[in-house]
Each structure stands twice: as structure tokens, then as C-alpha cells.
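Novice: need a 3D model of the following:
(2 chains)
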Amino acid sequence: MTKIIYKDSQGNSKTLEVENGLSVMEGALQNDVPGIDADCGGSMACATCHVYVEEKWLNKLPKAEEAEVDMIDMAYEPKKNSRLSCQLIVSDELDGLIITTPAKQS
Amino acid sequence: MKNTDTIIIGAGPVGLFAVHQLGIKGLSSIVIDNLDKAGGQCIELYPDKPIYDIPAVPECTGEELTKKLLEQIKPFNTEFYLNERVEEVKQDKDNWIIKTNNKNEFSAPNVIIAGGVGSFEPRKLSIKEAEKFEDKYLFYAVKNKDQFKNKNITIFGGGDSALDWALELSKFSNISLIHRRNEFRGAPHTLSEIKKLQKIGKISIKTPCQLESIEGDEKINSIIIKFDDGKTEKIDTDIILSFFGLIMKLGPIAEWGLNMNKKTIEVNSKNFETNKKGIFAAGDICNYPGKLKLILSGFHEVALASVECFKRARPNEKYRFEFTTSSKTIQQRLGKK
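Specialist: Next up, the predicted model:
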């Protein structure tokens, strides 16, 4: 289990213990964290699991592959610290990861 | 009003296979989809991505799968109503009447909702003032390019749609192309053509930046873009074209009185009927204990739903389970000897 902190655009925050191997997106869905839609189910085809990663975590995460960056072009208000949460796989290294969901996904 | 045995909502792989499962049982169907072609997410989201978990098909793309399914249902000559969205459902004794946004009306004892995550719609610009210019000076698709002649056009997006239209419209208008990062995603050839036009001043490319505001009352006068370093720039603009892909919206289906769980429809896993008799849901849109959002699960779901569809459409006939390998009737329906 790894601690992931989900924040929303209003500043509310929820800390969850997510099983290693799940994606940050799945962790949110299984625990009813609002703000992540994941319409395509995690196939990197829709950009509705878009999140902002806390700056200090950006370089600690595996780099986004090209297809993910392409997909982020389609996200709602993408920023430099945008990632798709379906591509962030939870592991011990991510303990304490802080992500913020955008005001909306679509 | 058109009568049929089954109205299928959604022309994705599951909707297409429903045509087959109904067809071999001698039931007619019509298919309605909001996209301009069959295939659903397979064709819209990942036409070129290989799929590896279709039984007995080690590898195929979304486009190939769609083609094969269309070939498989060809014998049934099913009518497709594309570019149409289902708006309304109404009960009429044992039948359901469905109306679309194109004012088509269908009546059938069965409705199969194979709508994936909903109908595809363009992703819209998020700033407030965008809405009042929509369909007049701001567009999410190009239907008639003549209306874009001799204008100052600002195009947003970094993919094929944005690049293709930048190239095409630059023949008779001034184009500014705006993208949030320096890399574009389009075909390399299109990109090199655009770079050429940039050199001779036909197209102006602004990156990495995003739309900050739109200025104008009745019509658009100009827009302000903001670069990543915080600098802003004003661009004279008559027309905005925005290409940020498609999103999926469940739309009116959510208001049909079906038992819903988040964005999915609850069904039983015996025949995939919803809480309304004669309305079924299959594929990604349905939900039951253990549901997997796999294409193969959707195939199974429509196979079972089609049996119940038969019973409702042919109440006086007995349903007989038959194999395609041995049933003369099925083989005739498939146009085989």
C-alpha cells in the first residue's frame, strides 16, 4: 500500500492507501474520489483522467511517453505539470505523491 | 415512423455484433450513431492501435476490427442512421418509440443501448466568452470552408485536424496556429508544408501558449494568447477554429428513467435487460457484478440479450437455440447455401 494524496481544484484533499500496481486513476475510481472520469477506461485514449502533479514530484515520476503527451493536448486546461493518472502506476517510490484534479475533465 | 424488431443505439463493435446475433435469429434491426461512421471508440479513439485480446485474432487494429464486423453483418442489409443522436424514448404498450435529433422515429419491442461512454462531441474552449461566439465566429469543425475565405483565422490545436485545416485555409486566408507546446502531432509531411508556409509568412505559428481571452462584442475582434513565460500577445482574429479532440457525453440516455450507477446503466447478467422491460444495455455502458470493459464481454452480452429480444419480438414462436455450423436456417440468413 502506498499513500497518494488526491486534491481537488477547491483545495479539498483526500489521502488514500492505494495498492501497488494500480494506477493513480484506478485508486481514485475504486475509492470514489471525484474529479477523475477515465471515460476510456485507462487506454490512454481520452484525457479525462488528467491531473496536475505537485511540482516536486514531476521529476521523480517515469517520464510521459509521447502518446501520453499527445493526449494531454486534448485535456481540459493542460499545464506543464499535467499527466494522465491512468499512466501513473503506484509503487513504493510514489509514497506521498500529491496530485490535483482540474476544475473539470470535459 | 419505421418499425423494426430492435433499435440498436451505438455502432461500435458491440452494436455491430448485436446486428449479427439478432440477424441469425431472424430479427431485423436498425443502428443509430452520432458519429459519421461505424466503429465507435475503435474507429474514433484508436483506429491504428493494435488490439490483442479478441479471441482467435492475435492482433488487429480498431479499424480492422470494425471492417471485419461490418463484413460479418453484410448479409443482413441493416440500415444505419449515422450523424444522428437519440433524443427521446417513449413507451407505447409493448413497444418503444425512439426519436432522433434528425426527427426520425422508430418503433420496436426492443432497444439495445450499446453506447460506450456516450456520444462523441467536440471538446469546447473552456473560457466563458467562447460560448456566445459559437457557430458564428467560433467553430469546432469545418463544414463549409467557403465561409472562411479572406479572413483572419486563428486555429488552436496540435493534431492532424488543426494542421490540415491550417494548410487548406491558408490558400485564401491569414492563418495563426496556436499550440500549447512546441511539438506538433500531425503527419510529418503536413508539418513540413506548414513550416514552408511559415517561412513565407502565410502561416504564423505561436507556441508554447494558450488562449487567454477573446475580445469583441457582436463579433470577434481579436484574441489574447499567453505564452508559458507569462508574456501575452494580441492577434487580430475574425474566426476561431478549435481542434481539441472529442469527448464522450452520455446525453439524454441519462434521463430515461433507467437505473444508473455513475455513468453506466445497471443490467442483470442473465439477459442484460435494464429495469425497463425491452431495454437492454451492453458493452462499456452496462454495469453488473464482475463487469469487465472488454470488447469480448460486450459480444457475450449482446448474444444473450438477443435471445430475450427474440422472445419479445416473436411472442408466439418458440425460441430454438441453433449452431451456425449446422443450422440451415441460419446459413440461409447468412446467404450461404
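
Novice: need the phi and psi values for the closest residue in space to residue B:259 that isn't next to it in sequence.
Specialist: Leaving aside its chain neighbours, residue B:259 sits nearest to residue B:266 (4.2 Å; criterion: Cβ to Cβ, 6 or more residues apart in numbering or on different chains). Using the backbone N, CA and C atoms, a C-beta is placed for each residue, glycine as well. The phi/psi pair for residue B:266 (degrees, to the nearest 10) reads phi -80, psi 130.

Novice: what's opposite residue A:15 in the beta bridge?
Specialist: With DSSP bridges as the criterion, residue A:15 is bridged to residue A:5.

Novice: residue contacts, it?
Specialist: Residue A:15 makes contacts with A:3-6, as judged by Cβ atoms under 8 Å, 6 or more residues apart in numbering or on different chains.

Novice: export the residues you listed to JSON lines and tack on neighbour count and pLDDT?
Specialist: Below are the contacts of residue A:15 laid out as JSON lines (neighbours: other Cβ atoms under 10 Å in any protein chain shown; pLDDT from 0 to 100):
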{"residue": "A:3", "neighbour count": "14", "pLDDT": "97"}
{"residue": "A:4", "neighbour count": "25", "pLDDT": "97"}
{"residue": "A:5", "neighbour count": "14", "pLDDT": "97"}
{"residue": "A:6", "neighbour count": "25", "pLDDT": "97"}
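
Novice: quick revisit: burial of the residue nearest to residue B:259, as a residue count?
Specialist: Residues near residue B:266, counting by other Cβ atoms under 10 Å in any protein chain shown, number 15.

Novice: who are the contact partners of it?
Specialist: For residue B:266, counting by Cβ under 8 Å, 6+ apart, the contacting residues are B:258-260, B:274-275, B:286-288.

Novice: recalculate using a threshold of 10 Å.
Specialist: Residue B:266 makes contact with B:258-260, B:274-275, B:281, B:286-288, B:291, according to Cβ atoms under 10 Å, 6 or more residues apart in numbering or on different chains.

Novice: what's the closest of the contacts of residue A:15 to chain B?
Specialist: Proximity of the contacts of residue A:15 to chain B (Cβ to the nearest Cβ) peaks at residue A:6, which lies at 17.0 Å.

Novice: and the stretch 201-337 of chain B, which residues reach chain A?
Specialist: Contact residues (Cβ under 10 Å from any Cβ of the partner chain) of the stretch 201-337 of chain B with chain A: B:208, B:210, B:228, B:243-250, B:262-263, B:284, B:292-294.

Novice: show me those that map onto strands.
Specialist: The strands, defined by DSSP state E, take in B:210, B:246-249 from those.

Novice: coming back round to it: out of the contacts of residue B:266, which are buried?
Specialist: Neighbour counting by 16 or more other Cβ atoms under 10 Å in any protein chain shown classes B:258, B:260, B:274, B:281, B:286-288, B:291 among the contacts of residue B:266 as buried.

Novice: out of the residues you listed, list just those in helices.
Specialist: Using DSSP state H, no member of those sits in helices.

Novice: check contacts around the residue sitting nearest the centre point of chain A.
Specialist: Geometric centre of chain A, nearest residue: residue A:85, 2.8 Å, by Cα atoms, centre = their mean. Residue A:85 makes contact with A:4, A:6, A:23-29, A:33, A:35-36, A:38, A:42, A:48-51, A:53, A:99, A:101 under the criterion Cβ under 10 Å, 6+ apart.

Novice: that one and chain B, how far apart?
Specialist: Residue A:85 sits 17 Å away from chain B, going by Cβ to the nearest Cβ, to the nearest Å.

Novice: tally of neighbours for residue B:182?
Specialist: Neighbours of residue B:182 using other Cβ under 10 Å come to 10.

Novice: what of residue B:295?
Specialist: For residue B:295, the neighbour count with other Cβ under 10 Å is 22.

Novice: so it versus chain A, what's the distance?
Specialist: Distance from residue B:295 to chain A, by Cβ to the nearest Cβ: 11 Å.

Novice: ok, and the closest non-adjacent residue to that residue?
Specialist: Spatial nearest neighbour of residue B:295, chain neighbours left out: residue B:13 (5.1 Å); criterion: Cβ to Cβ, 6+ apart.

Novice: thought residue B:184 was touching residue B:167, still the case?
Specialist: No. At 11.8 Å, residue B:167 does not count as touching residue B:184 under the criterion of Cβ atoms under 10 Å.

Novice: who's more crowded, these two?
Specialist: With neighbours defined as other Cβ under 10 Å, residue B:167 and residue B:184 compare such that residue B:184 has more, 24 against 21.

Novice: tally of neighbours for residue B:231?
Specialist: The burial count for residue B:231: 9, using other Cβ under 10 Å.

Novice: what's the answer for residue A:65, then?
Specialist: Using other Cβ under 10 Å: residue A:65 sits among 11 other residues.

Novice: that one contacts residue A:83, correct?
Specialist: No. The criterion here is Cβ under 10 Å, and residue A:65 misses it with residue A:83 at 11.1 Å.

Novice: so which strand or helix has residue B:198?
Specialist: Residue B:198 belongs to helix B:188-199 when assigned by DSSP states H and E.

Novice: and the next helix or strand after that helix, what's buried?
Specialist: Downstream of helix B:188-199, the first helix or strand assigned by DSSP H and E is strand B:203-206. Using 16+ other Cβ under 10 Å as the test for burial, strand B:203-206 gives B:203, B:205.

Novice: next one: stretch B:232-248
Specialist: Counting neighbours by 16+ other Cβ under 10 Å, stretch B:232-248 gives B:235, B:237-248 as buried.
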